[in-house]
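Peer 1: return atomic coordinates for the entry below.
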Amino acid sequence: MLMNRIVTLIFFLFTNIAVAQQLTLKGSIRDADGFPIPFATIVKEGSSIGTSANKEGHFNLSLPEGRHQLSISAVGYKQKTITVKPPQHDSLIIHLDGEIFTLQEVVIGNREDPAYSIIRKAIKKRPYYLKETGPYHAHVYIKGLQRLLKAPKKFFGVDMNEIGEEIGLDSARRGIIYLSESESKITVNPPKDFKEEMISSKISGDNKAFSFNRASELQLNFYENYQHIVEGLSNRPFISPIADNALAYYRYQYRGTAEEKGKTIIKIKVIPKRKAEPLYKGNIYIIEGEWRIHSVNFLLDKESSINFVDSLNLKQLYTEVTENKWMPSNIQLDFKAGLLAFQVGGYFTAIYQNYTFIDAPDKRLFREVLSISGDVNKKDSLYWAKNRPVPLSPEEQKDYIAKDSLYRFHQSKAYLDSIDRKNNRFKPLTFLTSGYNYRNRYKKESIRFNGLLTSMLFNSVEGLAINYGINYNRQLDSGLNRYFRINGRIRYGFANKHLNGIVSTDLPVKNQTFVLSGGRDVLDLNNQGSLPTLLNSLYTLFVGENYQKLYEKTFASIAWSNTLPGNIKISLQAEWSNRHWLPNASDFTFRDRNSNKLTSNNPLQPDADVPLFTDNKSTKVRVGLSYDFSNRYAMYPTGKRYLVSKYPTFGIQYIKGIKNVLGSDVDYDLLTTSVQKNNMGLGLYGKVSFSVTAGSFFNNKQLFYPDYKHFNGNRILLVDQQLSSFLALDYYQYSTPSNFVEAHMEYNLGGMFVSKVPLLRKLKLEELIGLHYLHTSELSNYSELHVGLQWKMIRLMYAHSRSAAQPLNQTNTLRIALKLF
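Peer 2: All right, here's what the predicted structure looks like:
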């Protein structure tokens with residue numbers, strides 16, 4: 001015991017001595033005219049110990065006592081090496097000269113610019129440098145800042161000055177809206193395996209949240225042929241200027257050479273050959289003889305076909321951390337964006353330090369892509385003052401202080417109650433149009449009353465009807481976004497005088513969810529849905545087409561779902577129901593009734609309002625299972641979240657209709673299998689989505705029309721954007737009680753051809769090609785081919801359909817898809 005105490009004491013003393021010997025060197029990096037150089041890199045030579053200057057050029061670097069050689073570099077400036085001896089040099093002002101690249105040493109005598117020969121050599125060495133480093137650990141510090149540059153005084157009636165006060169903006173509605181820092185340890189096995197363990201996290205104004213900064217999203221490697229910088233930034237990946245096919249996309253200009261530590265650095269200007277392609281513009285710096293990347297300074301703008309932002313400036317600097325091993329030491333992303341009357345800008349900077357090269361880790365290590373423990377956001381200001389490699393600017397310091405004070409105030413019960421008192425005021429006009437929401441922020445609960453007018457609907461079965469809902473929500477877990485919910489709806493048809501109502505409740509328990517529901521409701525005969533209620537009301541009243549066919553169901557149901565290890569999703573449901581077919585009760589329409597008569601509520605006999613099925617009871621159970629082979633996940637304090645798999649999702653579902661249980665009339669067995677994948681990337685050639693479903697009623701002794709397998713059809717101009725939707729198939733006619741095969745495929749070319757058309761390229765349209773297929777015993781082979789264009793959330797599609805059962809009945813239709821439906 002005594003020896004243990006002695007050892008502990010010795011360890012404590014040596015630890016404190018070591019800490020005491022670590023001194024902080026402070027300084028400022030400036031150009032020849034005295035202006036700050038933002039985000040310059042400072043590295044202790046012969047190591048990966050370093051830091052970066054902030055936006056104002058200031059830096060901090062922890063060093064032990066003694067003499068050290070520091071290398072200071074920035075893209076576009078001549079590297080400088082200095083000797084320091086802390087604490088003798090506790091504050092420095094370091095000037096960097098602008099890099100001068102001379103053209104005198106190269107005689108451009110032939111027709112081809114010498115840059116092309118250099119780029120070809122870099123392309124040839126690309127595969128080697130892609131895997132040269134082997135597996136490694138590194139420490140990454142990331143700072144992200146976003147600021148509002150411009151905002152209107154009012155936006156859709158909302159006072160932006162009031163909003164600005166709430167989030168800490170100045171009187172001109174400008175200021176920082178996001179400031180966050182994070183530290184992570186990364187483990188990388190090039191070219192694809194990556195694991196990030198977040199060590200610390202800090203968000204200005206929210207000490208309970210975890211930073212959105214991710215080292216994985218800043219892991220840019222221009223030795224790879226393509227770069228996916230930020231998801232959604234472009235419809236296609238960006239092409240590296242030294243990709244295997246780069247010469248087909250870029251022009252190059254030799255801009256001269258400069259010397260750095262005995263190495264010749266070649267500057268090459270990169271110029272896209274075409275507009276509206278996912279291409280960089282700017283400069284790439286290559287080390288002569290080695291033909292490796294020294295640094296890059298690229299710009300992406302509207303001509304690069306980017307989304308969400310107007311411009312993105314990307315800088316990356318490599319440093320030789322050990323002999324002949326160059327690694328990124330600094331990555332800088334600066335962006336500007338404008339939307340309506342708002343303008344925003346900001347940056348993300350990543351500092352890489354302490355590279356350690358290791359043996360190849362077990363592949364299973366990389367299943368956990370991200371790890372965030374519950375204490376990473378608990379680090380205090382002393383920790384950050386000691387470990388932050390990039391000093392805060394005065395504005396950032398003020399933002400942390402002001403936002404932290406605002407956060408404490410905004411979390412107080414007095415403040416939350418005052419906001420609720422203001423927002424919970426009942427407004428009759430608002431209640432009619434959009435409803436009423438009563439909220440208690442402190443208790444994290446709310447009650448939502450639907451709008452009275454928006455709850456009105458019209459169909460031929462009920463006539464004018466109201467389907468009014470009241471919803472109660474209580475947040476149980478903000479991390480997993482889990483809620484306890486009770487939803488109730490009451491429905492009344494003024495023409496058929498039927499009063500219906502249902503209640504359901506969601507009970508989340510860890511990864512499991514229980515759903516209890518029951519009551520009596522009016523439902524679509526097609527359980528896939530025919531068309532939205534609003535559209536059916538409009539078409540019935542103004543076009544005289546009552547596409548939606550309905551029935552009444554009294555039911556009680558219990559459902560359970562869970563996510564098992566390996567992202568295996570399982571669900572169970574048991575339901576008892578009493579089904580009743582409904583006749584039409586109204587033939588009202590604004591169209592001339594003599595020229596446009598509404599059809600019956602029997603889709604198989606549209607001219608005769610005779611029952612589609614007799615009243616019946618059903619007791620059934622359903623078991624569903626899906627698996628996408630996803631073995632990659634992120635671990636959060638609240639639990640595990642699986643990432644989207646690169647493989648398709650396989651599903652199987654079994655439904656058993658059980659006769660004589662609780663008076664049940666049904667007796668059938670339906671087995672369905674499916675495989676689907678959305679947005680499978682094809683590199684420069686866009687992305688493809690597909691879905692294939694096959695099923696069999698291997699027992700169909702007794703079932704009724706609602707039990708049939710139904711398909712997502714369409715007969716109107718506006719369609720659903722779901723992959724599994726047909727564009728011209730009738731909603732009800734081809735539902736089947738027998739075997740079936742359904743397949744859908746859509747190829748999104750991402751603007752591959754439209755981007756080459758001068759007037760159209762600015763719209764950033766995406767080309768679409770789709771195929772749809774259905775086989776049933778009744779329909780034989782039905783197929784659709786569609787082509788179209790997509791702009792943001794809107795699609796225009798032309799479809800051609802044909803059926804083997806009716807070869808002469810071919811149709812050509814125009815469809816518009818809106819995401820809001």
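
Peer 1: can you list the residue ranges for helices in the stretch 51-200 of the chain?
Peer 2: 114-131, 160-167 (DSSP state H, counting those that start in this stretch).

Peer 1: repeat for the chain
Peer 2: Using DSSP state H, the helices of the chain run over 2-21, 114-131, 160-167, 381-387, 394-410, 413-423, 428-433, 533-538.

Peer 1: please convert those helices to JSON lines, extending it with distance to residue 288, mean neighbour count and mean pLDDT.
Peer 2: Where you see a C-beta, it was placed from the backbone N, CA and C, and this is true even at glycine. Shown next, in JSON lines, are the helices of the chain (distance: least, CB to CB, whole Å; neighbours: other CB atoms under 10 Å; pLDDT from 0 to 100):
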{"stretch": "helix 2-21", "distance to residue 288": "41", "mean neighbour count": "10", "mean pLDDT": "35"}
{"stretch": "helix 114-131", "distance to residue 288": "8", "mean neighbour count": "17", "mean pLDDT": "95"}
{"stretch": "helix 160-167", "distance to residue 288": "51", "mean neighbour count": "14", "mean pLDDT": "76"}
{"stretch": "helix 381-387", "distance to residue 288": "38", "mean neighbour count": "13", "mean pLDDT": "87"}
{"stretch": "helix 394-410", "distance to residue 288": "40", "mean neighbour count": "15", "mean pLDDT": "86"}
{"stretch": "helix 413-423", "distance to residue 288": "62", "mean neighbour count": "12", "mean pLDDT": "87"}
{"stretch": "helix 428-433", "distance to residue 288": "69", "mean neighbour count": "12", "mean pLDDT": "92"}
{"stretch": "helix 533-538", "distance to residue 288": "65", "mean neighbour count": "17", "mean pLDDT": "94"}
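
Peer 1: adding distance to residue 636, write these out as JSON lines.
Peer 2: Shown next, in JSON lines, are those (distance: least, CB to CB, whole Å):
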{"stretch": "helix 2-21", "distance to residue 636": "32"}
{"stretch": "helix 114-131", "distance to residue 636": "31"}
{"stretch": "helix 160-167", "distance to residue 636": "25"}
{"stretch": "helix 381-387", "distance to residue 636": "21"}
{"stretch": "helix 394-410", "distance to residue 636": "21"}
{"stretch": "helix 413-423", "distance to residue 636": "25"}
{"stretch": "helix 428-433", "distance to residue 636": "37"}
{"stretch": "helix 533-538", "distance to residue 636": "37"}
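
Peer 1: of all the helices of the stretch 51-200 of the chain, which lies closest to residue 605?
Peer 2: Nearest to residue 605 among these is helix 160-167 (57.7 Å), distances taken as CB to CB.

Peer 1: now do that closest one: everything it contacts.
Peer 2: In this structure, residues lying in contact with helix 160-167 by CB atoms under 8 Å, 6 or more residues apart in numbering are 151-154, 169-171, 173, 175, 177, 205, 406, 410.

Peer 1: stretch 677-685 spans what distance, first to last residue?
Peer 2: End-to-end distance for stretch 677-685: 17 Å, by CA to CA, to the nearest Å.

Peer 1: could you give the mean pLDDT of that stretch?
Peer 2: Stretch 677-685 shows a mean pLDDT of 90.

Peer 1: list the buried ones in it?
Peer 2: Residues of stretch 677-685 classed as buried: 677, 684 (neighbour count, 16 or more other CB atoms under 10 Å).

Peer 1: now do that stretch: everything it contacts.
Peer 2: 225-226, 236-237, 239, 278, 646-649, 687-691, 723, 748-750, 752.

Peer 1: repeat that with 7 Å
Peer 2: Residues from elsewhere that reach stretch 677-685, judged by CB atoms under 7 Å, 6 or more residues apart in numbering: 226, 236-237, 648-649, 687-690, 723, 752.

Peer 1: I figured residue 79 was touching residue 73, is that so?
Peer 2: Yes. Between residue 79 and residue 73 a contact is recorded at 4.3 Å, counting by CB atoms under 7 Å.

Peer 1: Provide the backbone phi and psi angles at the residue most central in space within the chain.
Peer 2: By CA atoms, centre = their mean, the chain has its centre lying nearest to residue 231, at 6.5 Å. For residue 231, the backbone dihedrals are phi -60, psi 130 (criterion: degrees, to the nearest 10).

Peer 1: one step back: of the contacts of helix 160-167, just the buried ones, PyMOL syntax please.
Peer 2: Applying 16+ other CB under 10 Å to those, the buried members can be selected in PyMOL as follows:
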select buried, resi 151+169+173+175+177+205+406+410
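
Peer 1: need the contact list for residue 566.
Peer 2: residue 631.

Peer 1: let's see that with 10 Å instead.
Peer 2: Contacts for residue 566 (CB atoms under 10 Å, 6 or more residues apart in numbering) come out as 367, 627-631, 633, 642.

Peer 1: so where's this structure uncertain?
Peer 2: 1-23, 87-90, 102-110, 208-209, 478-481, 593-596, 808, 819-821 (pLDDT under 70).

Peer 1: and of the helices of the chain, who's closest to residue 293?
Peer 2: If we rank the helices of the chain by CB to CB, the stretch that ends up nearest is helix 114-131, at 7.5 Å.

Peer 1: elements contacting the closest one?
Peer 2: Applying 3 or more CB pairs under 10 Å, 6 or more residues apart in numbering; DSSP states H and E, one finds that helix 114-131 contacts strand 250-260, strand 263-272, strand 281-287, strand 292-301.

Peer 1: endpoints of stretch 221-235, how far apart?
Peer 2: Stretch 221-235: ends 19 Å apart by CA to CA.

Peer 1: turn the helices and strands packed on helix 114-131 into a markdown table, including distance to residue 314 and mean neighbour count.
Peer 2: Shown next, in a markdown table, are the helices and strands packed on helix 114-131 (distance: least, CB to CB, whole Å; neighbours: other CB atoms under 10 Å):
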| stretch | distance to residue 314 | mean neighbour count |
| --- | --- | --- |
| strand 250-260 | 16 | 18 |
| strand 263-272 | 12 | 19 |
| strand 281-287 | 8 | 21 |
| strand 292-301 | 5 | 22 |
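
Peer 1: turn these into a markdown table, including distance to residue 428.
Peer 2: Putting the helices and strands packed on helix 114-131 into a markdown table (distance: least, CB to CB, whole Å) gives the following:
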| stretch | distance to residue 428 |
| --- | --- |
| strand 250-260 | 63 |
| strand 263-272 | 58 |
| strand 281-287 | 57 |
| strand 292-301 | 49 |
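
Peer 1: quick one: which of those is nearest residue 729?
Peer 2: strand 292-301 (42.0 Å).

Peer 1: between helix 114-131 and that closest one, find me the angle.
Peer 2: 110 degrees (axes from the mean of the first three to the mean of the last three CA atoms, to 10 degrees).

Peer 1: how far does strand 292-301 sit from the chain's center?
Peer 2: 26 Å (CA atoms, centre = their mean, to the nearest Å).

Peer 1: which ones are touching the nearest residue to residue 321 once chain neighbours are set aside?
Peer 2: Distances taken as CB to CB, 6 or more residues apart in numbering place residue 48 nearest to residue 321, at 4.1 Å, with adjacent residues excluded. Applying CB under 10 Å, 6+ apart to residue 48 gives the contacts 136, 138-139, 319-322, 325, 327, 329, 352-356.

Peer 1: let's go with 6 Å and repeat that
Peer 2: 321, 353-355 (CB atoms under 6 Å, 6 or more residues apart in numbering).

Peer 1: the stretch 351-500 of the chain: strands as residue ranges?
Peer 2: Ranges of strands within the stretch 351-500 of the chain are 368-372, 436-440, 445-449, 456-459, 463-477, 482-493, 499-509, based on DSSP state E, counting those that start in this stretch.

Peer 1: out of those strands, which is the most enclosed?
Peer 2: Comparing those by mean neighbour count (mean count of other CB atoms under 10 Å), strand 456-459 comes out on top with a mean of 21.

Peer 1: partner strands of that strand, with direction?
Peer 2: Neighbouring strands of strand 456-459 in its sheet, by DSSP bridges, are strand 463-477 (antiparallel).

Peer 1: let's see the partner strand as CSV, backbone CA atoms only.
Peer 2: Extracted in CSV, the C-alpha atoms of strand 463-477 (Å, rounded to 0.1, in the frame of the first residue of the first chain):
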residue,chain,number,x,y,z
GLY,A,463,-70.2,14.7,-49.2
LEU,A,464,-68.9,17.6,-47.3
ALA,A,465,-67.0,16.2,-44.3
ILE,A,466,-64.8,17.2,-41.4
ASN,A,467,-61.8,15.2,-40.2
TYR,A,468,-60.6,17.0,-37.1
GLY,A,469,-57.5,16.0,-35.2
ILE,A,470,-56.1,16.8,-31.8
ASN,A,471,-52.6,15.7,-30.9
TYR,A,472,-50.7,15.6,-27.6
ASN,A,473,-46.9,15.3,-27.6
ARG,A,474,-44.4,15.0,-24.8
GLN,A,475,-40.7,14.8,-25.5
LEU,A,476,-39.0,12.0,-23.5
ASP,A,477,-35.5,12.2,-24.9
